[in-house]
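Asks: One predicted model, sequence on top.
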Amino acid sequence: MSSLGRLIAVMHTERGENLRLISAREATRRKTSSMKKTERDYPTDELLPEYDLSNGVTGKYYERYKDKVKVALLEPDVYQMFPNSEAVNRALRAVGELIKAAGLEAGNRKKRVA
């Protein structure tokens, strides 16, 4: 609320200890009822000039990421069986427990004879 009693819409971002003001304007009835962006609010896929990525580093977190996360591509029929990642992880943990119980852990697997 401004000193004159007007409702002000303020857009900002925080980066560490810094606060960057992006926009501040009087909130209209239209804006106060819905702050939702629509497709027409974003006319192009162009990067805005205030975003400077010239000092960006490609693959900065790649090594850290690849050691902790494994990505698996699910076939469409398998994908349909699970509502979310949590369900997939629960199922894989259950299969892992069955493998351990059967004594077929990674180092103990026997090759199949055809």
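Replies: Yep, that arrived.

Asks: nearest residue to E26 other than its sequence neighbours?
Replies: R6 (5.3 Å; C-beta to C-beta, 6 or more residues apart in numbering). Bear in mind the C-beta positions are built from the backbone N, C-alpha and C, glycine included.

Asks: phi, psi of A27?
Replies: phi -80, psi 120 (degrees, to the nearest 10).

Asks: Show me the residue at the heart of the protein, geometrically.
Replies: S85 (13.0 Å; C-alpha atoms, centre = their mean).

Asks: show me where the chain has helices.
Replies: Counting by DSSP state H, the chain has these helices, from start to end: 29-33, 62-68, 76-79, 85-101.

Asks: so of the ones you listed, which one's packed in deepest?
Replies: helix 85-101 (a mean of 11; mean count of other C-beta atoms under 10 Å).

Asks: neighbouring contacts of that helix?
Replies: The list of residues contacting helix 85-101 from outside it, by C-beta atoms under 8 Å, 6 or more residues apart in numbering, reads L74, F82, E105.

Asks: can you redo those residues as JSON lines with pLDDT and neighbour count?
Replies: Formatted as JSON lines, those follow (pLDDT from 0 to 100; neighbours: other C-beta atoms under 10 Å):
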{"residue": "L74", "pLDDT": "85", "neighbour count": "11"}
{"residue": "F82", "pLDDT": "90", "neighbour count": "14"}
{"residue": "E105", "pLDDT": "70", "neighbour count": "11"}
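
Asks: Let me have those residues in a markdown table, extended by distance to A94.
Replies: A markdown table is the format used below for those (distance: C-beta to C-beta, whole Å):
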| residue | distance to A94 |
| --- | --- |
| L74 | 17 |
| F82 | 13 |
| E105 | 15 |
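
Asks: of these, closest to E14?
Replies: Lowest distance from E14 to the contacts of helix 85-101 (C-beta to C-beta) belongs to F82, with 36.1 Å.

Asks: Let me see the contact set for the closest one.
Replies: L74, V88, A91.

Asks: What separation do you get for it and L98?
Replies: Relative to L98, F82 is positioned 18 Å away (C-beta to C-beta, to the nearest Å).

Asks: Which residue ranges make up the domains of this protein?
Replies: The chain breaks down by automatic domain parsing into domains covering 1-33, 68-105.
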